[in-house]
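In: what follows is a predicted protein model with its sequence.
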Amino acid sequence: MKIFHNPRCSKSRQGLAILEDSNQDFEIIQYLKTPPSKDELEKILQMLQMEPIDLVRKNEAIWKENFKGKELSNNEIIDAMVNNPKLIERPIVINGEKAALGRPPESINEIL
């Protein structure tokens with residue numbers, strides 16, 4: 001199991017606490033330091049059954065200044081997240097072939 005985590009984010013810390021309470025082994029990936037590759041992000045989106053735009057943090061300055069209001073393809077949105085990992089919504093938990101976005105953090109329980 002893996003959690004894509006940002007220790008500065010309260011929702012991400014809540015998601016991490018849920019995993020710690022589950023008594024299961026998991027890996028913490030601080031995705032701002034170790035961002036997912038484009039292939040990894042595409043696979044995560046498939047597991048989440050989400051469109052790329054739904055995983056974007058649209059209130060981030062990077063998004064507002066560079067992408068907001070533009071017609072972007074899914075590929076361009078994924079590239080924006082790969083190049084600016086701060087744009088990726090968090091936390092994301094992967095358990096085998098299942099994934100959950102911890103918004104709200106309790107949604108992580110669905111894949112444990």
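Out: Yep, that arrived.

In: and residue 56, what does it touch?
Out: Counting by Cβ atoms under 8 Å, 6 or more residues apart in numbering, residue 56 touches 63, 77, 80, 81, 87, 88, 89. C-betas here are computed from N, CA, C, even on glycine.

In: out of those residues, who's nearest residue 98?
Out: Within those, proximity to residue 98 (Cβ to Cβ) peaks at residue 89, which comes in at 17.1 Å.

In: how near is the closest one to residue 40?
Out: 15 Å (Cβ to Cβ, to the nearest Å).

In: and stretch 37-49, which residues are buried?
Out: Buried residues in stretch 37-49, defined by neighbour count with 16 or more other Cβ atoms under 10 Å: 41, 42, 44, 45, 47, 48.

In: what secondary structure does the third one sit in?
Out: Under DSSP: H, G, I helix; E, B strand; the rest coil, the three-state class of residue 44 is helix.

In: let me see the mean pLDDT of stretch 2-19.
Out: Mean pLDDT, computed over stretch 2-19, is 97.

In: no further queries at this time; thank you.
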